[in-house]
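Engineer: no FASTA, just this:
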Ligand code: UTP
């Protein structure tokens with residue numbers, strides 16, 4: 001049902017400077033893969049066939065990452081490094097699968113999605129924010145596409161956050177809950193702690209009705225003077241319902257140093273060989289903690 005995924009990668013990544021000065025945030029490595037590759041793999045697992053990257057100046061490493069590199073492939077084949085060859089071939093995208101479109105200035109997530117408007121034909125499409133990395137048994141977007149049906153309207157992934165974190169997220173007003181699905185009567189972007197209607201925060205996975213593109217086309221700037229996706233979702237209510245999906249898994253905000261470090265540890269612990277080394281390695285540094 002959901003065959004297209006938009007991957008907005010045109011943000012400034014200012015919270016992770018200077019690392020992101022010349023390297024796109026979405027190319028930061030977690031253990032052995034860039035964030036954007038985790039996102040594409042997650043989308044593929046949910047049945048997505050077409051990937052629209054909304055990029056900006058200085059993000060060409062993302063396009064290069066998904067290209068076939070004939071010289072490298074030939075060299076690996078000549079050296080009989082077939083495992084590595086398989087890895088780099090399977091992570092590339094065919095020209096028919098990948099589209100790159102530019103966002104001329106970082107005017108917000110809503111604006112980034114609007115930049116792909118002319119490429120969206122389907123009834124509903126997905127959006128993944130690659131810096132929200134999720135470790136789960138079933139990939140998060142697959143959980144959502146399995147649960148999604150047309151009456152859900154716009155669907156967002158949601159998680160409960162600490163009270164002092166609500167002002168960083170879009171927050172749902174909960175109407176009712178049915179299993180993992182929350183029917184939301186409203187969503188507010190970055191509310192003050194005393195104005196937050198709940199602690200259910202929107203995180204970087206969406207299944208959106210294509211009508212949102214019309215709504216975004218006349219969307220004024222909101223919080224942070226950016227064109228906010230959550231404002232458009234809010235304006236579509238109540239005609240287009242809003243469903244929060246409480247996914248199974250753990251999410252890491254890899255747009256921050258702390259979240260990225262934690263993701264590296266969590267993903268490294270998934271590999272039993274690495275895990276065996278990681279615990280003594282961490283213990284050595286923790287035991288010898290010596291602030292400079
Ligand atoms: P963030 O809110 O993390 O913003 O965007 P950012 O600019 O990347 O990072 P900071 O806040 O400066 O550290 C969430 C996602 O939306 C994309 C980003 O690339 C990221 O994947 N985005 C954001 C755009 O594509 N365009 C924008 O104008 C804003």
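Structural biologist: Ah, there it is. Everything quoted here is computed from the prediction, not taken from an experiment.

Engineer: contacts and neighbour counts: CA atoms only from here.
Structural biologist: OK.

Engineer: Quick one: the strands in the protein, in order.
Structural biologist: Applying DSSP state E to the chain gives strands spanning 4-8, 29-30, 33-34, 50-55, 98-102, 124-128, 132-135, 154-160, 170-178, 181-189, 200-209, 242-246, 250-253.

Engineer: Once you drop chain neighbours, what's closest to residue 227?
Structural biologist: residue 221 (4.4 Å; C-alpha to C-alpha, 6 or more residues apart in numbering).

Engineer: State the distance from that neighbour to the ligand.
Structural biologist: 11 Å (C-alpha to the nearest ligand atom, to the nearest Å).

Engineer: try residue 71
Structural biologist: In terms of C-alpha to the nearest ligand atom, residue 71 sits 30 Å off from the ligand.

Engineer: what's the answer for residue 63, then?
Structural biologist: Residue 63 sits 14 Å away from the ligand when distances are taken as C-alpha to the nearest ligand atom.

Engineer: likewise residue 53?
Structural biologist: 9 Å.

Engineer: How many residues are close by that residue?
Structural biologist: 24 (other C-alpha atoms under 10 Å).

Engineer: and it, what does it touch?
Structural biologist: For residue 53, the contacting residues are 6-9, 98-101, by C-alpha atoms under 8 Å, 6 or more residues apart in numbering.

Engineer: Mean pLDDT added to the strands of the chain, as TSV?
Structural biologist: TSV is the format used below for the strands of the chain (pLDDT from 0 to 100):
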stretch	mean pLDDT
strand 4-8	98
strand 29-30	96
strand 33-34	96
strand 50-55	97
strand 98-102	96
strand 124-128	97
strand 132-135	98
strand 154-160	97
strand 170-178	95
strand 181-189	95
strand 200-209	97
strand 242-246	97
strand 250-253	97
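
Engineer: now those in CSV, with distance to residue 282?
Structural biologist: Shown next, in CSV, are the strands of the chain (distance: least, C-alpha to C-alpha, whole Å):
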stretch, distance to residue 282
strand 4-8, 34
strand 29-30, 17
strand 33-34, 21
strand 50-55, 36
strand 98-102, 39
strand 124-128, 32
strand 132-135, 21
strand 154-160, 29
strand 170-178, 35
strand 181-189, 38
strand 200-209, 30
strand 242-246, 32
strand 250-253, 19
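
Engineer: how about the residues of the stretch 51-200 of the chain that lie near the ligand?
Structural biologist: 106-109, 112, 129-131 (C-alpha under 6 Å from any ligand atom).

Engineer: Most neighbours of all the residues you listed, which one?
Structural biologist: residue 112 (29 neighbours).

Engineer: Correct me if wrong: that one contacts residue 103.
Structural biologist: Yes. Counting by C-alpha atoms under 8 Å, residue 103 is a contact partner of residue 112 at 5.9 Å.

Engineer: Quick check: neighbours shared by these two?
Structural biologist: Joint contacts of residue 112 and residue 103 (C-alpha under 8 Å, 6+ apart) are 10, 54.

Engineer: and the residue most central in space within the chain, what does it touch?
Structural biologist: Of all residues in the chain, the one closest to the mean position by C-alpha atoms, centre = their mean is residue 129, 2.0 Å from it. Contact partners of residue 129, counting by C-alpha under 8 Å, 6+ apart, are 7-9, 39, 204-205.
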